[in-house]
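Student: build me a structure from this.
(one chain, ligands or ions: 2)
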Amino acid sequence: MATAQQSLASLADLSRGVAEWVQSVKQLTQPDHVHWCAGTDAEIEQLKQQMVARGELLTLNEDVFPGCLLARSDPSDVARVEHLTFVCTAKPEDAGPNNHWMDPSEAHRRMRNLFRGCMKGRTLYVVPYCMGPIDSPYSRCGVEITDSPYVVVNMALMTRMGRPALERIAREGTFVKGLHSTGELDPERRFIMHFPEELAIESYGSGYGGNALLGKKCHALRIASWQARSEGWLAEHMLIVGIQNPQGETHYIAAAFPSACGKTNLAMLIPPDSMPGWKIFTVGDDIAWLHPGPDGRLYAINPEAGYFGVVPGTNESTNRNAYHMIRRDTLFTNVALTADRQPWWEGRVNGEPTIDWQGRPFDPKNGPAAHPNSRFTVAAKLNPSYSPAAEDPRGVPISAIVFGGRRREVAPLVYEARDWAHGVVVGASVASETTAAATGQVGIVRRDPMAMKPFAGYNFGDYWRHWLSMGSRLSKPPRVFHVNWFRRDADGKFMWPGFGDNLRVLEWMLKRAAGNADATDSAIGALPRPEDLNLKGLDIAPQTLQDLLTIDRTAWTQEVADMREYLNEFGARVPPEMRAELDRIDKRLKA
Ligand code: SAT
Ligand code: MN
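Tutor: Ligands and ions are numbered 1, 2, ... in the order given. Next up is the predicted model:
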């Protein structure tokens, strides 16, 4: 205890700004104890053991899943809550129609009422963290105050957490303030508030990932996107992956897809047997911070240090890397259990569930055994395809940016934007079927520009303008592509095999970027012809491939009209260049 107290005192001494803020939060929330997280393995181990002793974490089969634990959330608290997530800027139009807005003083007043006395009987944890390599000029720090040890354990996996982060904060004198309490887990008393002008986040009433691990979506996307706009960079919902060809050259791609649309799988892709010599290196699976580099290229860092991935569907053939990675030292949330206490999920292939995600005897009448948004939290370093470049403070140079959504129709397998400005319109027109990652109906197609609909911390009109302006800061901008792995045929079957075979599409992109792959020019951009793709060893009917690579003029004319209408929601803030791009596409569709 004495050493814990000493370490507490010396950590607090590191940053007066943090200590003062902790003091004021302590007065408001009235915890029984305060614990400053140093971020050591021993500290996290002890925390886990306390949670196991209290029944808040369950141990799993140590022979098969060593070091793994299971958390079960409240059944009403299993996903992000977009309807309860607010961006609180002084002017409502700065948050834009893409966000829910609340006046900052009203939001603070409400949150103060919720936080008042909420930590009585609990421990207040001070969690200093760094988003990005600790020595990167692109990294940014924050401090999360939380009363959830589950959040602490997750933050220790997902960020560079503890003393080094606090030391950096002391040096820089600035940090993002995130205040979180699980409260009563009452959906009626749940809010996720962002104050970008104050670099502050207040979250109450949920313990779920994106609502509660404030370094992730709240800081690294909503607050960071706001900062990035004023500082000349981009904070994006993108995986970063290095692709090494058989000649030994590695090129990096950043790709934006909505939640639960396969970012983790693409980031850890296993090349098909028919593509020997190809290797994949994962830099990140969810978030990219992108900066213009000294050579006029765009450089990316992954602000995170771990993965918070969707479990169902993970198996030896869909994602072998992830399947092996989550065999040890992994925190599972809301999966089912087998009779011998192994975690189980739909699509695991092996084993049978006996206990469902809510701890009840499994009965198919109650729905799936694992929650469709059940998650694994695991350190990125355990990924067999983890790239050492993820630690490079300069980041990695990006050759191609890829946008994609989950769409049964309209969008072809892949197409390439004409130039950067067209690429911005391609990104802005991403549409996707909703998934279990957010509360609400699943399978509804909605616009999700740059896969940032739930995460852009400011008005999309201004965001697109910022994206356009980034083009002029880059003498060698990445090529921009759009993909759709989820096209279905008339029988509802997926037309493209996806997973490892997506590498064939990535290969074409990299060849385009290097100037040595062909394509046909279409109204919406450049499409590969079947012969432009590496199809060796791929079992696909020629007609299916043809259909995947053809655009339907009528459907696309409608798509452009829909897009125009969508842009109108943002009124005068939409850069005129975007409407001009749509006019150009329209004209070509009609020609
Ligand atoms: O809940 S998270 O936002 O962390 C995961 C996701 O929805 O992408
Ligand atoms: Mn995500």
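Student: now the strands: where do they sit in the stretch 351-500 of the chain?
Tutor: Here the stretch 351-500 of the chain has its strands, by DSSP state E, counting those that start in this stretch, at 375-379, 396-404, 414-416, 431-433, 445-447, 479-483.
Student: what is the rounded mean pLDDT of the third one?
Tutor: Okay, so that is strand 414-416. In this model, strand 414-416 has a mean pLDDT of 98.
Student: who touches it?
Tutor: Residues external to strand 414-416 that are found in contact with it (Cβ atoms under 8 Å, 6 or more residues apart in numbering): 426, 479-484, 505, 508-509, 512, 519, 522, 524-528, 549, 551. In this view, the C-beta of every residue, glycine as well, is placed from N, C-alpha and C.
Student: switch the cut-off to 7 Å
Tutor: Strand 414-416 is contacted from outside by 479, 481-483, 505, 512, 519, 524-528, using Cβ atoms under 7 Å, 6 or more residues apart in numbering.
Student: need the contact list for the residue of the chain found nearest ligand 1.
Tutor: Relative to ligand 1, the nearest point of the chain is Gly210 (2.5 Å; Cβ to the nearest ligand atom). For Gly210, the contacting residues are 80, 216-217, by Cβ under 7 Å, 6+ apart.
Student: now swap in Pro312 and tell me
Tutor: Pro312 makes contacts with 345-347, 370, 372, 374, as judged by Cβ under 7 Å, 6+ apart.
Student: assign a three-state SS to it, would you?
Tutor: Of the three states, Pro312 takes coil according to DSSP: H, G, I helix; E, B strand; the rest coil.
Student: quick check: residues of the stretch 51-200 of the chain near ligand 1?
Tutor: Residues of the stretch 51-200 of the chain lying close to ligand 1 by Cβ under 6 Å from any ligand atom are Arg80.
Student: show me where the stretch 51-200 of the chain has helices.
Tutor: 92-95, 104-115, 149-158, 163-172 (DSSP state H, counting those that start in this stretch).
Student: any idea how far the shortest one is from the middle of the chain?
Tutor: If you compare the mean C-alpha spot of helix 92-95 with that of the full chain, they lie 24 Å apart, counting by Cα atoms, centre = their mean, to the nearest Å.
Student: for that helix, buried residues please.
Tutor: By neighbour count with 16 or more other Cβ atoms under 10 Å, helix 92-95 contains the buried residues 93-95.
Student: alpha carbons of that helix, as PDB, please.
Tutor: The C-alpha trace of helix 92-95 is given here as PDB (Å, rounded to 0.1, in the frame of the first residue of the first chain):
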ATOM      1  CA  PRO A  92     -24.700  24.100 -33.700                       C
ATOM      2  CA  GLU A  93     -23.700  24.400 -37.400                       C
ATOM      3  CA  ASP A  94     -20.100  23.500 -36.500                       C
ATOM      4  CA  ALA A  95     -21.300  20.100 -35.300                       C
END
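Student: show me the contact partners of that helix.
Tutor: Contacts of helix 92-95 (Cβ under 7 Å, 6+ apart): 87, 89, 101, 458-459.
Student: neighbour-wise, which of these leads?
Tutor: Neighbour counts for the contacts of helix 92-95 (other Cβ atoms under 10 Å) peak at Val87, which has 27 neighbours.
Student: verify the stated contact: that one with Phe195.
Tutor: No: Val87 is not in contact with Phe195 according to Cβ atoms under 7 Å; the separation is 8.4 Å.
Student: which element is Leu266 on?
Tutor: Using DSSP states H and E, Leu266 sits within helix 263-267.
Student: tell me the helices and strands packed up against that helix.
Tutor: Secondary-structure packing of helix 263-267 (3 or more Cβ pairs under 7 Å, 6 or more residues apart in numbering; DSSP states H and E): strand 238-244, strand 306-310.
Student: before we move on, the earlier item: return the member of the contacts of Gly210 nearest to ligand 2.
Tutor: Lys217 (6.9 Å; Cβ to the ion).
Student: thinking again about what came up before, looking at the helices of the stretch 51-200 of the chain, which is closest to ligand 2?
Tutor: Using Cβ to the ion, the helices of the stretch 51-200 of the chain put helix 149-158 closest to ligand 2, at 11.9 Å.
Student: anything in the closest one near ligand 2?
Tutor: No: on the criterion Cβ under 5 Å from the ion, helix 149-158 is out of touch with ligand 2, staying 11.9 Å away.
Student: now the angle between strand 306-310 and that helix, please.
Tutor: 110 degrees (axes from the mean of the first three to the mean of the last three Cα atoms, to 10 degrees).
Student: any idea how many residues pack against Ala490?
Tutor: Neighbourhood size, Ala490 [other Cβ under 10 Å]: 5.
Student: same check on Gly207?
Tutor: 24.
Student: can you pull the pLDDT of it?
Tutor: Predicted confidence (pLDDT) for Gly207: 97.
Student: please name the nearest non-neighbouring residue to it.
Tutor: Once flanking residues are discounted, Gly207 sits nearest to Thr182: 4.6 Å by Cβ to Cβ, 6 or more residues apart in numbering.
Student: check contacts around that neighbour.
Tutor: Counting by Cβ under 7 Å, 6+ apart, Thr182 touches 147-148, 206-207.
Student: give the contact list for Asp273.
Tutor: Gly537.
Student: okay if I get the contacts of Pro312 as CSV plus neighbour count?
Tutor: Output for these, formatted as CSV (neighbours: other Cβ atoms under 10 Å):
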residue, neighbour count
Trp345, 26
Glu346, 18
Gly347, 13
Ala370, 26
Pro372, 21
Ser374, 27
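Student: in a markdown table: the residues you listed, plus distance to ligand 2 and pLDDT.
Tutor: A markdown table is the format used below for the contacts of Pro312 (distance: Cβ to the ion, whole Å; pLDDT from 0 to 100):
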| residue | distance to ligand 2 | pLDDT |
| --- | --- | --- |
| Trp345 | 18 | 98 |
| Glu346 | 20 | 98 |
| Gly347 | 19 | 97 |
| Ala370 | 19 | 98 |
| Pro372 | 15 | 97 |
| Ser374 | 15 | 98 |
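Student: can you tell me which helix or strand Leu47 belongs to?
Tutor: Residue-wise, Leu47 maps onto helix 41-53 under DSSP H and E.
Student: ok now that helix, how far from the chain's centre?
Tutor: 27 Å.
Student: likewise stretch 422-432?
Tutor: Worked out by Cα atoms, centre = their mean, stretch 422-432 lies 18 Å from the chain centre.
Student: right, is it up against ligand 1?
Tutor: No: counting by Cβ under 6 Å from any ligand atom, ligand 1 has no neighbours in stretch 422-432; the shortest distance is 12.3 Å.
Student: which parts of the protein sit against ligand 2?
Tutor: Neighbours of ligand 2 within the chain, by Cβ under 5 Å from the ion: 259, 286.
Student: next, the spatially most central residue of the chain: phi, psi?
Tutor: A centroid search over the chain (Cα atoms, centre = their mean) returns Asp286, at 3.2 Å, as the residue closest to the centre. Dihedral pair for Asp286: phi -150, psi -40, per degrees, to the nearest 10.
Student: could you shift the numbering so residue one becomes 26, and keep it that way?
Tutor: Noted, 26 is the first residue going forward, which turns the last one into Asp311.
Student: much appreciated, bye for now.
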